[in-house]
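J.: Just to be clear, the model below is a prediction. Sequence and coordinates:
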Amino acid sequence: MTLLKTENLTKAFGALTAVNGVTLEVQAGSLHSIIGPNGAGKTTLFNLLTGQMEPTSGRILFEGRDITGTPANRIAHLGIARSFQRTNVFPALSLLDNVWVAAFARGRSWRGFAWQQADRYPEVTERALASLRDVGLEGKANQLAREISHGEQRQLELAIALAAAPRLLLLDEPAAGLSPDETLRMVALVRGLKGRYTIVLIEHKMDIIMGVSDRVSVMHFGSLIAEGTPAEIQRNADVRRAYLGGVAVG
Ligand SMILES: Nc1ncnc2c1ncn2[C@@H]1O[C@H](COP(=O)(O)OP(=O)(O)O)[C@@H](O)[C@H]1O
Ligand SMILES: [Mg+2]
């Protein structure tokens, strides 16, 4: 079943077409990676999917419904959650509070919200803790986000996205800026989420997505130039030549 579909999705910034006629189908339950060099248009594609930007033309269908032009706050309520390429957590809040806000925002209206009464929402707290558990940070729930390592902050950001109980999880370079060890840990976490969520994973490093992806789409100068299984993409001469600049991918 197709969960997400784009049809000829296009975003122009003046003379620059950052996303150019992208037609993409993401199957429910799959992990679909989008790779391509810096500037290919990957983050802009996410900005369109999450309503942060309106497309110049084209359509976005989620669960068969046309959601093109739906604002970001409504997109979140439809069950699409994203993580950002740059870490995006509240440094002065505890880890639990960071995920708690996301868990709460998903389920309810903010009317009547009282910070001091967080303990009156046990089911929200339970979902928040479960999200921290999913990324291995449960033991640090009461530490402040600024006190944990950069790698752990990226894991926290993943937990924030999970706390919203998404049907579609969009991850924008979750391993950006991480050390090799932290990268391995992040890849393992994402692999652990496979099957539980439909995931679209943006990466520019080929090796990261090869072991985890069901499908890979390759983006270059705003357009999709190839799509297939990781093995097919690895073999694809155009992809190797045009994108990877001769970097060994096997
Ligand atoms: N808000 C914006 N205004 C103008 N140009 C932008 C904006 N956002 C992105 N771009 C440009 O669009 C192109 C694609 O950027 P981006 O989507 O961030 O690529 P990627 O995530 O693949 O590295 C780049 O040339 C970038 O400079
Ligand atoms: Mg980007």
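T.: Arrived safely. Ligands and ions are numbered 1, 2, ... in the order given.
J.: isn't Ser131 right up against Leu162?
T.: Yes - using CB atoms under 8 Å, Ser131 is in contact with Leu162, at 4.3 Å. For every residue, glycine as well, the C-beta is placed using N, CA and C.
J.: Quickly list what's touching both of the two.
T.: Taking CB atoms under 8 Å, 6 or more residues apart in numbering as the contact rule, Ser131 and Leu162 both touch Val99.
J.: ok, Leu4 touching Leu61?
T.: Yes - contact criterion CB under 8 Å: Leu4 and Leu61 qualify, at 7.2 Å.
J.: Between these two, which is the more surrounded one?
T.: Just comparing Leu4 and Leu61: by other CB atoms under 10 Å the higher neighbour count belongs to Leu4, 22 against 16.
J.: Spell out which residues of the protein are next to ligand 2.
T.: Lys42, Thr43, Gln85 (CB under 5 Å from the ion).
J.: out of those, which one sits closest to ligand 2?
T.: Comparing the residues of the chain next to ligand 2 against ligand 2 with CB to the ion places Thr43 closest, at 3.2 Å.
J.: what helix or strand is the closest one on?
T.: Following DSSP states H and E, one finds Thr43 within helix 42-49.
J.: Tell me which residues are up against the helix or strand following that helix.
T.: Using DSSP H and E, the helix or strand that follows helix 42-49 in sequence is strand 57-62. Strand 57-62 is contacted by residues 2-10, 21-22, 48-49, 66-68, 78, 80, 168 when judged by CB under 8 Å, 6+ apart.
J.: what ranges do the helices span in this protein?
T.: 42-49, 72-78, 95-107, 122-134, 150-163, 180-193, 206-210, 230-235, 237-244 (DSSP state H).
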